[in-house]
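J.: Need coordinates for the following:
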Amino acid sequence: MEDVLGYKGKSVVVTGAASGMGQAAAQILVDLGARVTALDINPTTVDVDRALTIDLRDRANIETVAASIDGPVDGLFSCAGLPGPPFSEWDTILVNFVGARHLAEQLVPKMADGSSISVISSSAAIGWQDHIKVITELLETDGFDAAVEWLTANEKKWSWSGYAYSKYIIDAWVGWWYPELGRKGIRINAINPGPTETAMMPAFQDLMGKETVDQAIGPVGRYSTPEEQAWPLVCLGSPRLSYVGGEVLWTDGGWNGAMTMGRHEAKWADTAAGEMSKNG
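T.: Predicted structure coming up:
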């Protein structure tokens, strides 16, 4: 079968296309014959059809960029993200969720039946189900400014880690939004990567310590490459997966499964869960 994933000639948008998983996803999509619009605050080296500068902390900029993208948009790959320190917790949650959601909402009117949204979350989202009530309050906000107002009013609930909390929200968001999107024929899914060799990794290791980060390596026994995360993301967005929606795929080398069955030591996860319980 030619064009197995069905991307040839499709128009897709990739955020975070200048580095890491976003860059890898953009390259794969170009190689598969898609027409790629790359969005990033930095320039991308991928030979895409169009590259635009975007700042996901800036509502007006998001709206200007979205308005400049012609439809139909067959796929959005939301790969942009910040790791937390050295970036502020505020900037991190704005980029990772608030701005990402606002861009997606701006593009949905240009997306037809059969299109998809694919989002990068993280294995750091483990345990988000314990905080559905609070997370739902944020998901119920309408638009960028309302989300900012909620985050400002509830800062103590999330500011202990803008990175981790943004990933809890993303995992919840795909299930929250899909019932609405599904009625329009649009799918949304996410991946939860484990430790991956990207430009963000040194920041994670400096913040948490390499030994702690390494405890999140699954039975596969190593970090993944950006391409090993980009391929599952691209597959989720493919029209061949038309019956998969509102799902989170763990792309973590088996870590979550081993954790669930008590066959992996991850003391940091217990510590993080306890910290989250105190704050939210």
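
J.: Count the residues that sit near Arg263.
T.: 10 (other C-beta atoms under 10 Å). For the C-beta atoms, the positions are set from N, CA and C on the backbone; glycine is no exception.

J.: Name the helix or strand for it, please.
T.: Assessed by DSSP states H and E, Arg263 sits outside every helix and strand.

J.: can you give me the strands in the stretch 151-280 of the chain?
T.: For the stretch 151-280 of the chain, the strands defined by DSSP state E, counting those that start in this stretch occupy 187-193, 248-251.

J.: what's the most buried one of those strands?
T.: strand 187-193 (a mean of 25; mean count of other C-beta atoms under 10 Å).

J.: tell me which strands and helices it is in contact with?
T.: strand 116-120, helix 162-182, helix 226-237, strand 248-251 (3 or more C-beta pairs under 8 Å, 6 or more residues apart in numbering; DSSP states H and E).

J.: Kindly calculate the angle that it makes with helix 226-237.
T.: Computed with axes from the mean of the first three to the mean of the last three C-alpha atoms, to 10 degrees, the direction of strand 187-193 lies at 160 degrees from that of helix 226-237.

J.: Contacts for strand 187-193, please.
T.: 21, 104, 115-123, 125-126, 167, 170-171, 173-174, 177-178, 181, 224, 229, 232-233, 236-237, 241-242, 244-252, 256 (C-beta atoms under 8 Å, 6 or more residues apart in numbering).

J.: again, only using 7 Å
T.: 116-123, 125, 170-171, 174, 177-178, 181, 224, 229, 232-233, 236, 244-252 (C-beta atoms under 7 Å, 6 or more residues apart in numbering).

J.: just to revisit the earlier point, now for the strands of the stretch 151-280 of the chain, which one comes closest to Ala147?
T.: strand 187-193 (17.3 Å; C-beta to C-beta).

J.: Please name the strands paired to that closest one in the sheet, noting orientation.
T.: Here strand 187-193 is paired, per DSSP bridges, with strand 116-120 (parallel), strand 248-251 (parallel).

J.: quick check: mean pLDDT across the first one?
T.: If I follow you right, that is strand 116-120. For strand 116-120, the mean per-residue pLDDT is 98.

J.: Okay, helices next: where are they in the stretch 1-150 of the chain?
T.: Secondary structure of the stretch 1-150 of the chain (DSSP state H, counting those that start in this stretch): helices at 20-31, 59-67, 89-93, 100-107, 132-139, 144-153.

J.: quick one: low-confidence ranges for the stretch 151-280 of the chain?
T.: The model of the stretch 151-280 of the chain has pLDDT under 70 over residues 207-208, 266-280.

J.: Tell me, how many residues neighbour Asp31?
T.: Neighbour number of Asp31 under other C-beta under 10 Å is 11.

J.: who wins for proximity to Val12 among the helices of the stretch 1-150 of the chain?
T.: Taking C-beta to C-beta, helix 20-31 is the member of the helices of the stretch 1-150 of the chain nearest to Val12, at 5.6 Å.

J.: list the helices and strands the closest one packs on?
T.: Using 3 or more C-beta pairs under 7 Å, 6 or more residues apart in numbering; DSSP states H and E as the contact criterion, the elements in contact with helix 20-31 are strand 11-15, strand 35-40, helix 226-237.

J.: Can you tell me the centre-most residue of this protein?
T.: Ile120 (2.5 Å; C-alpha atoms, centre = their mean).

J.: my read: that one touches Cys79, true?
T.: Yes - under the criterion of C-beta atoms under 7 Å, Ile120 makes contact with Cys79 at 5.0 Å.

J.: Quick check: neighbours shared by these two?
T.: Shared contacts of Ile120 and Cys79, counting by C-beta under 7 Å, 6+ apart, come down to Met21.

J.: and Trp231, how many neighbours does it have?
T.: Close neighbours of Trp231, defined as other C-beta under 10 Å, add up to 17.

J.: Which residue is the nearest non-sequential neighbour of it?
T.: Ile28 (6.6 Å; C-beta to C-beta, 6 or more residues apart in numbering).

J.: From Ala147, how far off is that neighbour?
T.: Ile28 sits at a distance of 31 Å from Ala147 (criterion: C-beta to C-beta, to the nearest Å).

J.: do the same with Ala124
T.: Going from Ala124 to Ala147 by C-beta to C-beta gives 20 Å.

J.: next one: Pro85
T.: As for Pro85, its distance to Ala147 is 22 Å (criterion: C-beta to C-beta).

J.: Show me which of the two is the more surrounded one.
T.: Neighbours around Pro85 and Ala147, counted as other C-beta under 10 Å, are more numerous at Ala147. The numbers are 23 against 16.
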